[in-house]
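[1] Output the structure for:
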Amino acid sequence: METFIESYRTTPEEIVLDADGWDAATHGTQQLSCFHGYYGQHMYFPGLISEASSGYPLVLQLRAGNSHPGKGVAGLLRWLFWRLRKAFPGVRVMFRADAGFALPEILRVCERSGVGYAIGYARNAVTEHKIAPLLERARLQFHQTQAKARLFDDVYYSATTWDEPRRLVMKAEWLPKGANPRFVLPISTCHRRSYMTDSTCNGGRTVNIASRNSSLAFMQTASVATTLLPTSFACCCPKRLTSYCLQFAKRHKELNLPTLRSSAYGQCLSKG
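    Residues are numbered from 1 along each chain as shown. So this is what the prediction gives:
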């Protein structure tokens, strides 16, 4: 985190944070290795919060394999917002994530911190009823033009776990393969269409972190998790990630790890 802050010579106007989690398969009986029904495997469920434009990893959280995607994220965001505002007074902060992070506590942290957000929201019977007329219009438009149809609207929606209704942006899209509705909870100055289309407010979908996942591939090896990552490991900054990579390379020199060595963190291996 400190390295990220020091990389700015002047206060940025806006910092956009992306959150995502991924399945890290495990192959042993180590702590935090649990079976996940959706992925159908024993795994860790790491969570990563990064800066959107550069992909710079700010916080990495090692979580049990059966964790909810949003587990522990509210506390991390509370600290991140405070640290960024302390370092950059007046900076505008934006948070983006997919539907797995649409938890009441995460929404409250963003709202109470004055942080804009664009977070995906899962479909349910109520939201499908609200989008039905718009989706029918998209279907008719598609059959008339034989081209992809995409329409937008917004409504107010209140889940049973919320204290008050919130604005919900709807995208009714009809493709050759059929309907493709999407929902986003937005608090931002972006136009409602921008949440689904613009690169800066893309409907809460986080950037593709596959390359960063492969850079952290050592987490997916059971032997590494037990020898390098302590059970109490909660979050770390890039300096500590580099340190773990260095330890991994030194302890497992016999392994061929082109992914690790070609990554940003791997460039530091020769300095170890």
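[2] correct me, but Arg166 touches Val184?
    No: applying CB atoms under 8 Å, one finds Arg166 not in contact with Val184, separated by 10.9 Å. Bear in mind the C-beta positions are built from the backbone N, C-alpha and C, glycine included.
[3] Tell me which of these two has more neighbours.
    Using other CB atoms under 10 Å as the criterion, Arg166 and Val184 rank with Val184 on top: 28 against 17.
[4] sec struct for that one, please.
    strand (DSSP: H, G, I helix; E, B strand; the rest coil).
[5] Ignoring the adjacent residues along the chain, who's closest to Leu17?
    Phe95 (5.0 Å; CB to CB, 6 or more residues apart in numbering).
[6] So what sits opposite the one you found in the bridge?
    Leu17, Tyr117 (DSSP bridges).
[7] neighbours of it, just the number please.
    Phe95: 29 surrounding residues under other CB under 10 Å.
[8] in the stretch 101-250 of the chain, which spans are helices?
    104-112, 125-145, 194-197, 210-215, 222-227, 238-251 (DSSP state H, counting those that start in this stretch).
[9] Ala99 is in contact with Gly120, isn't it?
    Yes: the pair Ala99 and Gly120 qualifies as a contact (CB under 8 Å) at a distance of 3.9 Å.
[10] neighbour-wise, which of these two wins?
    Neighbour count, other CB under 10 Å: between Ala99 and Gly120, Gly120 has more, with 21 against 18.
[11] Tell me the pLDDT of that one.
    At Gly120, the pLDDT value in this model is 94.
[12] I'd like the distance between it and Gly75.
    21 Å (CB to CB, to the nearest Å).
[13] go on, Phe45?
    Distance from Phe45 to Gly75, counting by CB to CB: 16 Å.
[14] Between the two, which is the more surrounded one?
    Phe45 (22 against 15).
[15] Return the residues in contact with that one.
    21-24, 36, 63-67, 69 (CB atoms under 8 Å, 6 or more residues apart in numbering).
[16] quick one: which of these is nearest Lys130?
    Lowest distance from Lys130 to those (CB to CB) belongs to Pro69, with 23.9 Å.
[17] worst average pLDDT in the helices of the stretch 101-250 of the chain?
    Note on those: lowest mean pLDDT is at helix 222-227, with a mean of 36.
[18] quick one on the thing from earlier: didn't the residue nearest to Leu17 look like it was pressed against Leu77?
    Yes: contact criterion CB under 8 Å: Phe95 and Leu77 qualify, at 6.7 Å.
[19] what's the least confident helix or strand in the chain, going by average pLDDT?
    Least confident element among the helices and strands of the chain, by mean pLDDT, DSSP states H and E: helix 222-227 (a mean of 36).
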